[in-house]
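Sequence first, predicted model second:
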Amino acid sequence: MNTIKVLFIYPNEYLSIGIHSGIAILSAILKEAGHTVNLLDFTFIKTEELVVEETAGTSVFLPTEYTLADLVAEDPATTLEEAYIRKINSFNPDIIAVSVMTGHFSPIVSFLEKVHIPCKVIFGGVHPTICPEETLSKDVIDFICVGEGEEMFVELLEALENGKDYTTIKNLGYKENGKLIINSLRPFIDLNKLPVPDWGLFDKRHLFRPFMGKIYTGSFYIMSRGCPGQCTYCVNSSLREKQKGCGRYFRYQSPETTIKQLKALKEKFNVTWFKLADDSIMLFKVKYLEDLSKGLKPLNFIFGCSIRPETVTKRKIELIKEMGVVAASIGIESGNERIRKEVLWRPMTNKQIINAIKLLQKYNIRVSTFNMVGLPEETRENVFETIKLNKMLNIETCNVYILYPYPKTHINEKFNVNIYDENREIIPVSRASKFNLSTMEPSEVEGFIMTFELYVRLPEKLWPIIKIAEKSDETSSELREALQYLVLEYI
Ligand code: B12
Ligand code: SF4
């Protein structure tokens, strides 16, 4: 072998658009090391007819001249197997590299068990990092990457290329005579040494961004790794624990690196919009944001970002506004302070959330919130506290999810949740209500997913009607449609 041919697989959901930063960084690094990289991305493989549901939330983005549905309209429907075989035949990889979150794990393992695999397979990403033994125990997987992959993957490919010993490579997991071996971890890498992520590996449609009636070009970009938070439903505590001794867990690159990289992405891909994927931009120091803002302002980007409400200050908001931030997402998660503090370990008060959101709104930054239902100890009344908090803040878009007890999180361990079904497959995120962690029935929790935004956006007088729409029968579905229409046309 001269150089190694690496085929990344991104087992993403259909049309869940956005460039995967992990794969894009690894691809740039592998190409720099002289390898050939290709991608099998499930995002645009049209396996089913697209159903575009216009939800109340989409209204804030205002219609644009074309939609994502238009972009895929001409795509021929195919199966994932056919797409895989075509790619394998045309590229003929030496190694298949799969990046997985927990939700992707069982489907992609079953997929690989079904198809013919012509070469070695390595898995990396959040799931192999938090559940290394489980991942490596699968017959179809030869290697895993635990934690950061930049240096490990280059060293592994070099060893494979030259027939050298790979058994001492840090962050690597492998099998020896059927035994699972997971090597120790290396120090965290210097984020300032990372190359510009290889967005060119991905389908251009990942850069499609409708916002406020216009279409922008761009995707996710991340300046930091880790998070100082301890939230009980999040894998961060477990990632921190696992990587103890690797260096400072919450780490970030310099503003100069960010400015240089965003400039390069603008030149190459005509980028006008970035979603900063860092857990909270407010965690960066004032001086950092000053430098960032100074360097980014002349580039005229618009940005979306995430914000932890208790970290907000007026000065930091002024700076992000100056830099081009036009939208921010904030995790409310629960409107009940006790649940938020004692169950979720999110110590911020309602007052802090209200002040943070009002301040953002004052600076004309559009706010979307993240909320959860189905929380341990949660009652129907508590859900209405979350709804009312969103309502009083005039939130333009609220996202709501059912809490999923991801492996190795505090909640998973406290309630000893088994996330596997009878076939040892991970229960999908779409069936999270089945974990039954709250005081409500799973059907009631699912009902809130379908109606949460209607409760937020329609007057309280209509709530008894929305309650009828919480059910999953046909009449309720028609009623939801009528209520959605009401929101879109009149509110
Ligand atoms: C941006 C982001 C998103 C974006 C984009 C996702 C994406 N494709 O990158 C969007 C908004 C789409 C998203 C959605 C979701 N996300 Co998300 N997301 C993130 C976030 C904030 C940053 C990811 C990132 O860019 N990291 C930086 C890159 C460089 O790191 P990385 O991907 O881990 O890659 C490194 C290593 O893992 C390794 N590596 C990764 N892959 C591979 C492969 C190989 C072969 C090798 C060798 C190495 C390797 O090397 C890389 C470089 O060091 C993370 C939290 C976080 N801070 O990581 C959550 C996170 C990944 N998301 C999470 C979740 C739960 C979701 C959702 C399920 C939420 C929901 N309820 O809908 C959805 C799933 C959507 C989907 N399509 O599947 C969880 C995953 C938990 C878990 N156990 O799986 C995380 C960890 C958040 C959290 N703290 O709990 N997410
Ligand atoms: S603030 Fe967000 S990323 Fe940080 S621990 Fe909490 S949920 Fe996880």
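Okay, I see it. Ligands and ions are numbered 1, 2, ... in the order given.

Residues of this structure that sit close to ligand 2?
227, 229, 231, 234, 236, 279, 308 (CB under 6 Å from any ligand atom). In this view, the C-beta of every residue, glycine as well, is placed from N, C-alpha and C.

Where is pLDDT lowest across those?
Of all the residues of the chain next to ligand 2, residue 279 has the smallest pLDDT value, namely 90.

Kindly provide the distance from residue 177 to residue 135.
19 Å (CB to CB, to the nearest Å).

These two: which has the busier surroundings?
Using other CB atoms under 10 Å as the criterion, residue 177 and residue 135 rank with residue 135 on top: 26 against 5.

Can you find the helix or strand of the chain with the lowest average pLDDT?
Lowest by mean pLDDT, DSSP states H and E among the helices and strands of the chain is helix 68-72, with a mean of 86.

what helices or strands is it leaning on?
Using 3 or more CB pairs under 8 Å, 6 or more residues apart in numbering; DSSP states H and E, the elements in contact with helix 68-72 are strand 208-211.

and whatever helix or strand comes next after the strand it packs on, does that touch ligand 1?
Counting by DSSP states H and E, the next helix or strand C-terminal to strand 208-211 is strand 214-221. Yes - interface with ligand 1: strand 214-221 contributes residue 220 (CB under 6 Å from any ligand atom).

who touches strand 214-221?
For strand 214-221, the external contacting residues (CB atoms under 8 Å, 6 or more residues apart in numbering) are 17-19, 21, 64-66, 197, 199, 206-210, 258, 261-262, 265, 269-277, 301-302.

of those residues, buried ones?
17-19, 64, 197, 199, 206-210, 258, 261-262, 265, 269, 271-277, 301-302 (16 or more other CB atoms under 10 Å).

correct me, but residue 428 touches residue 103?
Yes - taking CB atoms under 8 Å as the definition, residue 428 is a contact partner of residue 103 at 6.3 Å.

Which of these two has more residues huddled nearby?
Neighbour count, other CB under 10 Å: between residue 428 and residue 103, residue 103 has more, with 19 against 16.

any idea how far the more buried one lies from ligand 2?
16 Å (CB to the nearest ligand atom, to the nearest Å).

is it true that that residue lies in a strand?
No - using DSSP: H, G, I helix; E, B strand; the rest coil, the secondary structure at residue 103 is helix, not a strand.

Read off the pLDDT value for it.
pLDDT, read off for residue 103, is 96.

Burial check on residue 461, number of neighbours?
7.

Same question for the one 5 residues further on.
When counting by other CB under 10 Å, one arrives at 21 neighbours for residue 466.

can you pull the buried residues of the helix or strand hosting it?
Assessed by DSSP H and E, residue 466 sits inside helix 463-468. Across helix 463-468, burial judged by 16+ other CB under 10 Å covers residue 466.

heads up, I number from 613, so please use that
All set: I'll call the first residue 613, so the last point we hit is now helix 1075-1080.

Need the CA coordinates for that helix. CSV is fine.
C-alpha atoms of helix 1075-1080 as CSV (Å, rounded to 0.1, in the frame of the first residue of the first chain):
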residue,chain,number,x,y,z
TRP,A,1075,-55.5,25.0,26.0
PRO,A,1076,-58.5,22.7,26.7
ILE,A,1077,-58.6,22.2,22.9
ILE,A,1078,-54.9,21.5,22.7
LYS,A,1079,-55.3,18.9,25.4
ILE,A,1080,-57.5,16.9,23.1
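
for it, packing partners?
Helix 1075-1080 packs on helix 1054-1069, helix 1086-1102, going by 3+ CB pairs under 8 Å, 6+ apart.

Try it again at 6 Å.
Applying 3 or more CB pairs under 6 Å, 6 or more residues apart in numbering; DSSP states H and E, we find helix 1075-1080 packed against helix 1054-1069.

Compute the inter-axis angle for the helix it packs on and helix 1086-1102.
With axes from the mean of the first three to the mean of the last three CA atoms, to 10 degrees applied, the angle from helix 1054-1069 to helix 1086-1102 works out at 20 degrees.
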